[in-house]
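Asker: Next comes the sequence, and after it the predicted model I'd like to discuss.
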Amino acid sequence: MIKQALQHYLFGSASCIAMFAFLGVFLGTLFWVNRKDAKKYYSYIQNLPLDETQD
Amino acid sequence: MSTSTGVINTEKFDHKYDDEIVKYFLMATIIWAGVALLLGIYAALELANYKFNLGLQWLTFGRIRPLHTNAAIFAFGGNGIFAGIYHSSQRLLKTRLFSDKLSWFHFWGWQLIILAAAITLPLGLTQGKEYHELEWPINIAVAIVWIAFGINLLQTIRRRKEPHIYVALWFYIATFVTIALLYVVNSIEIPVSWFNSYPVYAGVQDALVQWWYGHNAVAFFLTTPFLGLMYYYIPKAVNKPVYSYRLSVVHFWSLVFIYIWAGPHHLLNTALPEWAQTLGVIFSVMLWIPSWGGMINGLMTLRGSWDKVKTDPILKFLATGTIFYGMSTFEGPLLSLKSVNEVAHYSDWIIAHVHGGALGWNGFILFGMVYYLVPRLWKTELYNKSLAETHFWLGTIGIVIYIVSMWTAGIAQSMMLNAVDATGHLVYPDFVQTVVRIVPLYYVRSLGGLMYFVGYLLMVYNVVKTIKGAPVALAASAKREEANPVLKLDTQALVQESISEGPHRVLEGFPMVMTVLAVAAVLVGTMIELIPMITSTNAQSEEFAAFKVKPLTSLQLAGRDIYVREGCYLCHSQMIRTTVGDVLRYGPASETADSMYDHPFQWGSKRTGPDLARVGGKYPDLWHVRHLLNPRDIVPQSIMPTYSWLLEQKLDLGTIERRFSVLKMLGVPYSDEDVKNAAENAKKDSIAIAEDLVKQGGPQGLENKEITALVAYLQSLGKQTEKR
């Protein structure tokens, strides 16, 4: 049954799955980076390449 | 080795970085860059004038082009990214690389693989799959070396003294896992002999798998690691943090998720099922946004420091490289629109697109990195800043000449090929009519490449003189520190205030979590595109039910393998698109069934010469023999090389039975008798063709010569499929 379903694969389902998956990833990431406690964390980490102890 | 001490979280740590391995990878980068560029110029001249092929089989364009692409991507690009990854990751993680032994195994293993490519590809030992030409023993070597690299990187991350994982490292992790996935899936092949194999996929399945691999090799070998390098070296060079770390997070996840879907944009208007084409179009267009997110992040990091870009060649290279990245990632989505693709596909516009990215983005980022690293690793000043500036301008002008000439050639040729008059006939019915108009632009392109190469030579001179001047280390480094005061961080305070525990740490602080999420991100697109394609287009599916397809005879198969060996697929496509121009010129559009038994598929990606999908029966055998012996005897303005050795070399049927057996195992409907009699049948057919050639007035003594096999194959094209 699965084989037949895959053989009759329809474009509509693929694009819907793809769209929702991408939206989930993108919107999820947007919410994630704008969490309340994100600022201090990102302030620290963005300066890591410039840490004087590196060179 | 360099040492430094620092304090973080009240723990004193003393780490000695392994910069020796970085130096070796950097030197390899510089050396292989020269090789790749020279091969590119040579290949360009071969197209401008067939005489550069020198009539030698090891130097024909069909054998040199894969050598050039492998040298540029894996030798130059590969060594460059390893140099940068090993240099930056140690410093971002505040720890030495996990294993010296693995580092050196990685380095020497990679160079040996490159040497193996340099030997096997000119000999014609190729799988015939773009950016994956190397045969199966070398594929195994690549996998082993890649795993060594991955272990070294991931274990270094695991042993880090810095708890937080900077975004550049995420790009490195994504590179490692995705290339591993791509390479393994595209390497599933059955060996026939030590340097011959057939992929398990055929026809449209192979097309999708190869371009899922091919485009994502660009994505995860030529983009993600370079973005990682950009996120490290631009802030370092300008001494400012990245413009927006939040943007880098969104950029990373969007890019990694979307990129993997884009493969089908290499197969638009072909026999690839519409649903797959459309997915490729949609996601390729969407890819523009995260790509530009990365570009903007890189360029905006330079805000307030544009005056430094005017005077610092390192920043010139890094900034311009990032701009070329933006250009390529705008052009790419445009090329993925079907209407634009109709013009661009198979033309030199695609070559322009590739080289804008390779020379502009990849080349310039690596050159910027070289100029940044060499003085620091050797603890001295750059020998001559003006030379670096001159290198930059030569390179930039060279790239512009290259891409403008190829844009012009591509669009002009495409417009001519598709031009239809008022009566509905082609205005330029002979393909060569379009070729003669663009050959002068091939010379212009060669000039662009030459300028880029001369700039590279200035870099080599500059680097050599810099390294030779290394004894002035102490004075130079003191001067440098004075000129570029390092940003002082209240590290302890920041760490105490920062989120060292909690959700950010879980999702962005643990390499295993990052790795699993990155794999998940790329698997989504992979599974949704590949699984239905493979299950819905097998031999029993409805896709092929309306057609009856004859598999190749043993002589035709031997000929097909010669076609792959000589790299004919690099200049000739076998895919008549559904576009008006293609159908008028070549006949009915190719069906998916036409290539159902082709392991690997031969749809091609460039038309330097005409499409061959329905060339079978169009010309007599003697035409093909004379054309291959000297194309200009048939088409005076042809730019095709001569293939005289095909009339001299004996047909090697030693493995033909094994080849049949492997293909039978892969689903090609050969009987046991076909397999057993493969060699005998091939000899009989070869003798029949040779005798026929003599009757047609052709040369004698061609029985059991390679030319008979290639002729048999060419005559089969378009003749194997019948509608039921």
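Answerer: All right, it came through fine.

Asker: Flag every buried residue along the top helix by length along chain B.
Answerer: If you go by DSSP state H, chain B has its longest helix at helix B:431-468. Going by neighbour count (16 or more other CB atoms under 10 Å in any protein chain shown), the buried part of helix B:431-468 is B:431-432, B:434-435, B:438, B:441-442, B:444-446, B:448-453, B:455-456, B:458-459, B:462-463, B:466-467. Quick note: C-beta positions are derived from backbone N, CA and C, even for glycine.

Asker: Assign B:G424 to helix, strand or coil.
Answerer: Three-state call for B:G424 (DSSP: H, G, I helix; E, B strand; the rest coil): coil.

Asker: so who does it touch?
Answerer: B:G424 makes contact with B:L584, according to CB atoms under 8 Å, 6 or more residues apart in numbering or on different chains.

Asker: what's near enough to touch the closest residue to B:L229 other than its chain neighbours?
Answerer: Counting by CB to CB, 6 or more residues apart in numbering or on different chains, B:G84 is the residue found nearest to B:L229 once chain neighbours are left out, at 4.4 Å. Going by CB under 8 Å, 6+ apart, B:G84 touches B:P225, B:G228, B:L229, B:Y232, B:Y233, B:L366, B:M369.

Asker: Whichever of the residues you listed end up buried, select them in PyMOL.
Answerer: Remark: buried members of the contacts of B:G84, expressed as a PyMOL selection using 16+ other CB under 10 Å:
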select buried, chain B and resi 225+228+229+232+233+366+369
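
Asker: re earlier: average pLDDT across the longest helix of chain B?
Answerer: Throughout helix B:431-468, pLDDT has a mean value of 98.

Asker: What pLDDT is listed against residue 32?
Answerer: You didn't pick a chain, so chain A it is. You'll see A:W32 listed with a pLDDT of 87.

Asker: oops, chain B please
Answerer: Here, the pLDDT recorded for B:W32 equals 98.

Asker: Which secondary structure element is home to it?
Answerer: helix B:20-48 (DSSP states H and E).

Asker: by contact count, what packs against the helix or strand where B:L555 lies?
Answerer: Element membership for B:L555, per DSSP H and E: helix B:554-565. Applying 3 or more CB pairs under 8 Å, 6 or more residues apart in numbering or on different chains; DSSP states H and E, we find helix B:554-565 packed against helix B:656-665, helix B:678-695, helix B:706-716.

Asker: now with 10 Å?
Answerer: Where contact means 3 or more CB pairs under 10 Å, 6 or more residues apart in numbering or on different chains; DSSP states H and E, helix B:554-565 is packed against helix B:61-70, strand B:196-199, helix B:656-665, helix B:678-695, helix B:706-716.

Asker: Direction included, what does the second one pair up with?
Answerer: Translated: strand B:196-199. Strands that pair with strand B:196-199, judged by DSSP bridges, come out as strand B:189-193 (antiparallel).

Asker: Switch the contacts of B:G84 over to a markdown table; also include secondary structure, pLDDT and distance to B:G609.
Answerer: Compiled in a markdown table, the contacts of B:G84 are given as follows (DSSP: H, G, I helix; E, B strand; the rest coil; pLDDT from 0 to 100; distance: CB to CB, whole Å):
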| residue | secondary structure | pLDDT | distance to B:G609 |
| --- | --- | --- | --- |
| B:P225 | helix | 98 | 35 |
| B:G228 | helix | 98 | 40 |
| B:L229 | helix | 98 | 38 |
| B:Y232 | helix | 97 | 44 |
| B:Y233 | helix | 97 | 42 |
| B:L366 | helix | 98 | 33 |
| B:M369 | helix | 98 | 39 |
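
Asker: now, among the contacts of B:G84, which is nearest to chain A?
Answerer: Closest to chain A out of those is B:Y232 (5.3 Å), distances taken as CB to the nearest CB.

Asker: which ones are touching the closest one?
Answerer: By CB atoms under 10 Å, 6 or more residues apart in numbering or on different chains, the contact list for B:Y232 reads A:48-49, B:84-85, B:87-89, B:91-92, B:166-169, B:171-172, B:242, B:369, B:372.

Asker: dump the residue contacts of the closest residue to B:I190 other than its chain neighbours.
Answerer: Among residues not flanking B:I190 along the chain, B:V662 sits closest, at 4.9 Å (CB to CB, 6+ apart). Listed by CB under 10 Å, 6+ apart, the contact set of B:V662 reads B:E189, B:I190, B:P191, B:V192, B:N196, B:S197, B:Y198, B:V200, B:H599, B:T655, B:V668, B:V675.

Asker: how about a cut-off of 6 Å?
Answerer: Residues near B:V662 by CB atoms under 6 Å, 6 or more residues apart in numbering or on different chains: B:I190, B:V192, B:Y198.

Asker: So which of those residues wins on neighbours?
Answerer: Ranked by the number of neighbours (other CB atoms under 10 Å in any protein chain shown), the contacts of B:V662 place B:Y198 first, at 22 neighbours.

Asker: That one reaches B:H599, doesn't it?
Answerer: Yes - counting by CB atoms under 6 Å, B:Y198 touches B:H599, with 4.1 Å between them.

Asker: check which helix or strand covers the residue most central in space within chain A.
Answerer: By CA atoms, centre = their mean, the mean C-alpha position of chain A lies nearest to A:V25, the distance being 3.5 Å. Per DSSP H and E: A:V25 is located in helix A:11-33.

Asker: Give me the pLDDT value at the nearest residue to B:R303 once chain neighbours are set aside.
Answerer: Excluding the flanking residues, the one nearest B:R303 by CB to CB, 6+ apart is B:Y243, at 6.8 Å. With respect to pLDDT, B:Y243 has a value of 96.

Asker: Would you enumerate the residues in contact with B:Y243?
Answerer: B:Y243 is in contact with B:N297, B:M300, B:T301, counting by CB under 6 Å, 6+ apart.

Asker: Next one: the closest residue in space to the last one that isn't next to it in sequence from B:P235, what distance?
Answerer: Excluding its sequence neighbours, the residue lying closest to B:T301 (CB to CB, 6+ apart) is B:Y243, at 4.7 Å. B:Y243 sits 9 Å away from B:P235, going by CB to CB, to the nearest Å.

Asker: Now list whatever residues contact both of those two.
Answerer: B:T301.

Asker: on that earlier part again, give me the buried positions along the helix holding A:V25.
Answerer: Neighbour-count burial for helix A:11-33 [16+ other CB under 10 Å]: A:A14, A:S15, A:A18, A:A21, A:F22, A:V25, A:F26, A:T29, A:W32, A:V33.

Asker: show me which of the residues you listed neighbour chain B.
Answerer: A:A14, A:A21, A:V25, A:F26, A:T29, A:V33 (CB under 6 Å from any CB of the partner chain).

Asker: now stretch B:529-537: how far from the chain's centre is it?
Answerer: Relative to its chain's centre, stretch B:529-537 lies at 24 Å (CA atoms, centre = their mean, to the nearest Å).

Asker: got a list of what B:G228 touches?
Answerer: Neighbouring residues of B:G228 by CB under 6 Å, 6+ apart: B:A168, B:F171, B:Y172.
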